[in-house]
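Q: Pasting the sequence and the predicted model now:
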Amino acid sequence: MNKKTIKDVDVKGKTVFCRVDFNVPMQDGKITDDTRIRAALPTIQYLADQGAKVLLASHLGRPKGQVVEELRLTPVAKRLEELLGKKVVKVDEAYGAAVKAEVDKLNNGDILVLENVRFYPGEEKNDPELAKAFAELADLYVNDAFGAAHRAHASTAGIAEYLPSVAGFLMEKEINVLAKALDNPDRPFTAIIGGAKVKDKIGVIENLLERVDNLIIGGGLAYTFVKALGHEIGKSLLEEDKIELAKSFMERAKEKGVRFYMPVDVVVADDFSNDANTKVVDIDSIPADWEALDIGPKTAEIYADVIQQSKLVVWNGPMGVFEMDAFAKGTKAVAESLAKAEHTYTVIGGGDSAAAVEKFGLADKMNHISTGGGASLEFMEGKKLPGVQILEDK
Ligand SMILES: Nc1ncnc2c1ncn2[C@@H]1O[C@H](COP(=O)(O)OP(=O)(O)O)[C@@H](O)[C@H]1O
Ligand SMILES: O=C(OP(=O)(O)O)[C@H](O)COP(=O)(O)O
């Protein structure tokens with residue numbers, strides 16, 4: 001990464017406005033997965049150890065510019081305190097006189113968690129007045145919120161106009177892993193693209209086709225490709241208006257010498273439910289009234305073989321409706337193959353694929369699980385992330 005990081009600046013005695021992505025899943029006021037808090041610890045710990053006064057800013061959920069009691073960052077600050085084993089102060093606003101008064105009380109190495117930045121309408125509008133108000137609290141801006149790096153908001157982008165701005169360690173790691181994969185991959189390089197809609201993955205498939213050796217397609221989006229090959233797909237997901245695009249992707253793969261893998265068999269169901277009747281059929285035999293909700297065992301075996309032979313695999317999107325056990329086998333087989341591939345560097349592109357790997361208890365077997373779903377997707381599309389662009393070049 002050609003951006004300055006916290007290692008390139010002196011932070012001792014400085015007040016640092018550190019944007020993190022503490023947008024964690026919550027249920028009944030409890031954090032159900034603290035991965036994102038843990039992922040930010042190296043930066044927070046380093047800043048504190050170096051003698052900075054650390055202000056932590058994050059969004060939580062989508063409160064749309066107003067205070068939503070359940071979306072306060074208080075439980076997050078508490079969890080952070082437990083993880084760090086040291087006192088963390090929490091304030092109920094994110095800028096202004098009351099916050100400034102708390103900041104003035106901080107000693108070097110102290111940590112203060114600000115309130116949910118999306119309680120203010122200016123945040124998502126990237127309002128310069130709000131950005132300035134955030135900047136007035138601090139001497140330095142650190143962006144460690146990779147998961148929100150595709151958002152040009154006041155605390156992820158605007159603030160950098162008013163303060164020296166550098167990346168945190170999580171941001172640096174995420175960008176380095178993804179950039180290495182796209183620009184200088186170890187080969188064979190395989191991308192596995194699944195999930196629900198072709199529409200959401202067009203940019204990623206387009207960009208990856210220029211870079212990979214193998215492209216594996218699965219999930220609901222596969223059936224638009226299957227249809228494009230002339231097979232009947234019954235009631236499986238279809239985006240009629242993307243059939244021509246699917247054809248053009250397959251043609252482009254041929255031109256580029258990219259091996260394009262599609263399901264050869266599938267699990268079909270007579271209902272979109274865990275207790276539906278199911279059977280495994282070949283890809284050219286999907287019954288008219290049934291829908292394909294997972295890849296079949298032959299397909300899973302082929303995909304697993306390709307994974308074992310790859311040096312680098314990037315995975316985005318499940319192979320089937322993995323939330324229901326009846327249709328989780330294909331996604332599980334891919335996850336297990338990745339877990340077992342010792343000579344393969346495995347990158348999980350956030351979102352549902354990360355959730356699937358967690359669900360199967362295989363997270364610690366992956367080399368890199370991105371903390372950003374949308375952000376890693378946009379990066380893999382070749383888009384510039386605003387939260388990175390605004391940081392100072394090395
Ligand atoms: N064959 C299928 N039919 C319908 N939905 C599917 C199928 N395969 C996967 N899905 C659904 O796709 C969803 C994930 O899609 P998406 O949001 O595009 O993935 P990601 O979050 O990994 O980018 C999951 O909820 C999953 O149930
Ligand atoms: O959870 C997030 O996105 P993700 O689910 O795509 O990884 C980020 O915190 C960004 O949140 P947002 O999509 O409300 O801007």
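A: That came in fine, so what should we check first? Ligands and ions are numbered 1, 2, ... in the order given.

Q: State the distance from the residue of the stretch 151-300 of the chain found nearest ligand 2 to residue 309.
A: Residue nearest to ligand 2 within the stretch 151-300 of the chain (CB to the nearest ligand atom): residue 151, separated by 5.0 Å. Backbone N, C-alpha and C define where each C-beta goes, glycine included. As for residue 151, its distance to residue 309 is 37 Å (criterion: CB to CB, to the nearest Å).

Q: Helix or strand next in line after the host helix or strand of residue 37, which one?
A: Assigning secondary structure by DSSP states H and E places residue 37 in helix 35-49. Once helix 35-49 ends, the next helix or strand along the chain (criterion: DSSP H and E) is strand 53-57.

Q: now the angle from that next one to helix 35-49?
A: Relative orientation of strand 53-57 and helix 35-49, computed by axes from the mean of the first three to the mean of the last three CA atoms, to 10 degrees: 160 degrees.

Q: in the stretch 251-394 of the chain, which spans are strands?
A: Taking DSSP state E, counting those that start in this stretch as the test, the strands found in the stretch 251-394 of the chain are 259-261, 265-269, 278-282, 291-295, 312-316, 345-348, 368-369.

Q: rewinding a little: looking at residue 151 and residue 309, which is more packed in?
A: residue 151 (22 against 14; other CB atoms under 10 Å).

Q: Would you mind pulling up the elements that the helix or strand of the chain with the lowest mean pLDDT packs against?
A: Here the helix or strand of the chain ranked lowest by mean pLDDT, DSSP states H and E is helix 351-359, holding a mean of 91. Using 3 or more CB pairs under 8 Å, 6 or more residues apart in numbering; DSSP states H and E, the elements in contact with helix 351-359 are strand 312-316, helix 329-340, helix 373-380.

Q: What is the longest one packed up against?
A: Using 3+ CB pairs under 8 Å, 6+ apart as the contact criterion, the secondary-structure elements in contact with helix 329-340 are strand 291-295, helix 297-308, strand 312-316, strand 345-348, helix 351-359.

Q: okay, now the closest residue to ligand 2 within the stretch 101-250 of the chain: neighbour count?
A: Closest to ligand 2 within the stretch 101-250 of the chain is residue 147: 4.1 Å, counting by CB to the nearest ligand atom. Counted with other CB under 10 Å, residues neighbouring residue 147 total 29.

Q: got the residues of this structure near ligand 2?
A: 21, 23, 62, 147-148, 151, 350-351, 372-374 (CB under 6 Å from any ligand atom).

Q: Of those residues, which are in range of ligand 1?
A: Among the residues of the chain next to ligand 2, the residues that sit close to ligand 1 (CB under 6 Å from any ligand atom) are 351, 373.

Q: of the residues of the chain next to ligand 2, buried ones?
A: Among the residues of the chain next to ligand 2, those scoring as buried are 21, 23, 147-148, 151, 350-351, 372-373 (criterion: 16 or more other CB atoms under 10 Å).

Q: Rebuild the helices and strands packed on helix 351-359 as CSV, extending it with distance to residue 256 and mean pLDDT.
A: Formatted as CSV, the helices and strands packed on helix 351-359 follow (distance: least, CB to CB, whole Å; pLDDT from 0 to 100):
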stretch, distance to residue 256, mean pLDDT
strand 312-316, 17, 97
helix 329-340, 23, 98
helix 373-380, 17, 94
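
Q: out of these, deepest packed?
A: A comparison of the helices and strands packed on helix 351-359 by mean neighbour count, using mean count of other CB atoms under 10 Å, puts strand 312-316 on top with a mean of 27.

Q: starting at the chain centroid, how far to it?
A: With CA atoms, centre = their mean, to the nearest Å as the basis, strand 312-316 stands 13 Å off its chain's centre.

Q: now do stretch 248-258
A: 27 Å.

Q: what would the helices and strands packed on helix 351-359 look like in CSV with distance to residue 274?
A: Shown next, in CSV, are these (distance: least, CB to CB, whole Å):
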stretch, distance to residue 274
strand 312-316, 24
helix 329-340, 13
helix 373-380, 24
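
Q: In a markdown table: the strands of the stretch 251-394 of the chain, plus distance to ligand 1.
A: Converted to a markdown table, the strands of the stretch 251-394 of the chain look like this (distance: least, CB to the nearest ligand atom, whole Å):
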| stretch | distance to ligand 1 |
| --- | --- |
| strand 259-261 | 16 |
| strand 265-269 | 8 |
| strand 278-282 | 12 |
| strand 291-295 | 5 |
| strand 312-316 | 6 |
| strand 345-348 | 9 |
| strand 368-369 | 12 |
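
Q: Quick check: which of these is buried the most?
A: strand 291-295 (a mean of 28).

Q: what are the pairing partners of it, and which direction each?
A: In the sheet, strand 291-295 lines up against strand 265-269 (antiparallel) (DSSP bridges).

Q: contacts for the strand it pairs with?
A: Contacts with strand 265-269, where a contact means CB atoms under 8 Å, 6 or more residues apart in numbering, come from 234, 236, 276-283, 286-287, 290-299, 320, 326-327, 329-330.

Q: same question for that strand, mean pLDDT?
A: Across strand 265-269, pLDDT averages out at 98.

Q: How about the residues of the protein by ligand 1?
A: Checking the chain against ligand 1 by CB under 6 Å from any ligand atom, the hits are 195-197, 200, 219-220, 237, 292-293, 316-318, 320-321, 323, 351-353, 373.

Q: 5 Å instead, please
A: 195-196, 219-220, 237, 293, 317-318, 320-321, 351-353 (CB under 5 Å from any ligand atom).

Q: Flag whichever of the residues you listed scores worst on pLDDT.
A: For these, the pLDDT minimum is residue 351, 85.

Q: Quick check: that residue vs residue 217, distance?
A: 17 Å.

Q: Would you map the strands across the stretch 51-200 of the chain?
A: Remark: strands assigned in the stretch 51-200 of the chain by DSSP E, counting those that start in this stretch are 53-57, 89-90, 111-113, 140-143, 165-167, 189-193.
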